[in-house]
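In: next one to model:
(3 chains)
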Amino acid sequence: MEFFFETLGLTESAKLLSLSPPGWGGNLLRGLANSLQIAFGAFGFGLLIGLFGAYGKLYGGVVLRDLLAVYTTVIRAVPELVLILILYYVGTDLINQLSQAMGYGRVEISGVVAGIWVLGVVQGAYATEVLRGAIQAIPPGQIEAARAYGMPPLMLMRRVTIPAMMSFATPGLANLWLIATKDTALLAIVGFSELTLETRQAAASTRAYFTFFLAAGALYLIVTLCSGVVFARIEKWARRGQPSLKGAGR
Amino acid sequence: MTLKKLMTTALATAIVSAGAVAAEEVKIGIAAEPYPPFASLNASGEWEGWEVEVINAVCAAAELDCVITPVAWDGIIPSLTGQQVDAIMASMSITEERQQTIDFSDPYYNTPAVIVADKSMDIEPTPESLAGKIIGIQASTIHQAYANEYFGDAAEIRVYQTQDEANQDLVSGRIDATQADSIAMADFVNSDIGTCCEIKGPVKNDEAILGKGVGAGVRKGDDALRESLNKGIAKILEDGTHEEITGRYFDTSIYAE
Amino acid sequence: MIPFRALMQPHRIVMLALLLGAVVWCAVALRWDWIPEYAPLAMEGLWRTIWILVVTCVLGFLLAIPLGLAQAVGPWYLSAPARVFCTVIRGTPLLLQIWLLYYGLGSLFPQIPWIRGSELWPYLRQAWPYAVLALTLSYAGYEGEVMRGAFSSVNKGQLEAANAFGMPRFTMFRRIWLPQAIRNVLPTLGGETILQLKATPLVATITVVELYAVSSRVRSDTFIVYEPLILLAVFYMIIAGIIALMFRRFENRVPG
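Out: Below is the predicted model of the structure:
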């Protein structure tokens, strides 16, 4: 193994990246775990917002629909960096003032929770559009039949809408997941401890910028490729029973 | 109906439980970007350096339960006023401008600002000598204010998020000079990456901009914490802890009265 | 644009009144005294944002055309590298790409001593070439995927007819394939251009003074947190709106 690294002139880099101190590999992996944690949380929170948003846009009153339109337009027009800063300061300020007004004293919000809150709100806007499009693609007859049988709305959502919309939503949601993982890098500018910040700290402490940035890029790429495989399987499962699209069209 | 109730209680518990209310803990904000030799990250993920040790010593002397909390330097004062941290001990100088927004404890160190440039360049730390050059500085620092005031008309000023990035560009040759704290720059030129460069000399002092030393920042009106920190700082200056820590990192004392 | 009658419904009138009230409250209650001092810098930042956006979109699109074509119909030795390029660009965060190009390449300079005498040196010293390069490559990576789909979606019959008429291949590409492909994906291109606008603030981290950098400068000079950010968000919304309008104009002019 060492011979392989030596021939490529990479011994120095391998030492820097090794998993235990004084190598920084452990730090990077810890940062990656944080990034993935925030991405999962933000994706899930965004999905929740998206579900309510999609329902609101499709079946809500006029005021709700307009408010949701403003929400999605603003989030999609303003850069994520600016949104992250605004949401971070406004959000934490509000929660502190709220909890002080209620007499709970100061609530400390960990970096992970704040990151999930901020990225989740951003994801929610995109998820609203994806899920709305997916729900609209469901053949309306299915929903009408369920209503005709007197199914309560929650059961309708759980047993008809969500399973039927999954096959339409999966490509959009896969894209959203990738956006979530890459947006965690922006949290480095706000100082949250995740992969990009750890990389920058490691690079600054050891001055080996090229090595660490390439290593971080490789880690992100691995996450992307693995996610691609996972989502391909999810899409296959969501499309079960539907005829294959191979060779169709043109 | 029950779903609504369930959700409101779930939301309330989530908010309250997501943040445990810590009554005794004092969160000391430091810059998330390494600033050797004052604060840098080692490979095990722990913060070490002169300032980190002083923070621990001050807190022990003041009998406070301190938690070191890295925050992006760019937003460190908003984090203090927004209550994400309780105090800032990140080599932040006491300036009148900052005193309009936050309060400071007594200073715990004081070092001049210097200009650093390549050894081959014949530069003096004066506005005339720096005319037409490219100067890199860190954002939100006294050095940025000073450089904009004194060198802004003659030279091109580039603003970096961390001093380390400015140093890196100095080594690459993208900028001609940088202005920063003398101790941090001494550490830089003595390290193996800074062999290209040397300290050209201190800039003319302007106390209004460069401040009266480095102190701990607290929220306006938070006198209790300020007094505790002052007590802690006075104690470590008295009983020699400050000197002992300094002796381990630097050759000379950095507490100029 | 939204028709006037649609705006005049009662709930919308109430919401517009509330919005107006909020704007007036902001103008009166918040601090705006920093604006006159920083207005010239803000104009410079705005100009820089816009020209970086336009230049990188145009160059990125020009790069995306061969990338998309190679992936759609190219032989394996052309389509595979194009595929790899697009996958890598889309799989890593833009911030990392920018830092890799600027600081990563920068850390190699001391090892190449003759570089300071070369003619490229004035450009290698500045930050904007790296910003333009990173944003162009990023745009090309994403648009390469889009153009791949666009080229594949053009009706094969049209290309075969052109071939039957003896049209030279480049003319067929120029007059039939490319225009039709672009027309199919014009909405997507508009969306991607707005995404590129949202990516421009990232170059502030490598010292390019664009709009976001100006707001950071205001924040660090005056310690005012919310007002610059609000104004910044409004600016970006206006620019995004203009881009969306422009693309809608394009789409209406294109027949079919």
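In: CA only for contacts and neighbour counts going forward, please
Out: Noted.
In: buried residues, the helix or strand harbouring C:Val54. List them.
Out: With elements taken from DSSP states H and E, the one containing C:Val54 is helix C:35-73. By neighbour count, with 16 or more other C-alpha atoms under 10 Å in any protein chain shown as the criterion, the buried positions of helix C:35-73 are C:41-42, C:45-46, C:48-50, C:52-53, C:56-57, C:59-61, C:63-72.
In: one more: stretch A:191-210?
Out: When neighbours are counted by 16+ other C-alpha under 10 Å, the buried residues of stretch A:191-210 are found to be A:191-205, A:207-210.
In: what ranges does the chain have for its strands?
Out: Here I'm looking at chain A. Counting by DSSP state E, chain A has no strands to list.
In: where does the prediction get shaky in it?
Out: Across chain A, the ranges flagged by pLDDT under 70 are A:1-9, A:20-22, A:105-108, A:244-250.
In: where's B:Ala177 relative to chain A, distance?
Out: Taking C-alpha to the nearest C-alpha, to the nearest Å as the criterion, B:Ala177 is separated from chain A by 19 Å.
In: hmm, I was thinking of C:Arg48
Out: In this structure, C:Arg48 lies at 16 Å from chain A, with C-alpha to the nearest C-alpha as the measure.
In: again, but for B:Ala139
Out: According to C-alpha to the nearest C-alpha, B:Ala139 and chain A sit 13 Å apart.
In: next: C:Arg174.
Out: Between C:Arg174 and chain A the distance, using C-alpha to the nearest C-alpha, works out to 22 Å.
In: what does the stretch 1-150 of chain B put close to chain C?
Out: B:Asp74, B:Ile77, B:Pro78, B:Thr101, B:Ala139, B:Ser140, B:Ala145 (C-alpha under 8 Å from any C-alpha of the partner chain).
In: three-state assignment of the nearest residue to C:Leu30 once chain neighbours are set aside?
Out: For C:Leu30, ignoring the flanking residues on the chain, the nearest one in space by C-alpha to C-alpha, 6 or more residues apart in numbering or on different chains is C:Glu227 at 7.1 Å. Here C:Glu227 takes the helix state, with states given by DSSP: H, G, I helix; E, B strand; the rest coil.
In: which helix or strand contains the residue sitting nearest the centre point of chain C?
Out: When C-alpha atoms, centre = their mean is applied to chain C, the residue found nearest the centroid is C:Gln196 (2.5 Å). For C:Gln196, the enclosing helix or strand under DSSP H and E is helix C:178-199.
In: what's the burial count for C:Met147?
Out: With neighbours defined by other C-alpha atoms under 10 Å in any protein chain shown, the count for C:Met147 comes to 27.
In: ok, B:Ala184 next?
Out: Burial measure for B:Ala184: 17 neighbouring residues, criterion other C-alpha under 10 Å.
In: next: A:Val190.
Out: 22.
In: for it, what are its contacts?
Out: A:Leu85, B:Val71, B:Ala72, B:Gly75 (C-alpha atoms under 8 Å, 6 or more residues apart in numbering or on different chains).
In: can you rerun that using 7 Å?
Out: Contact criterion C-alpha atoms under 7 Å, 6 or more residues apart in numbering or on different chains gives B:Ala72 as the residues in contact with A:Val190.
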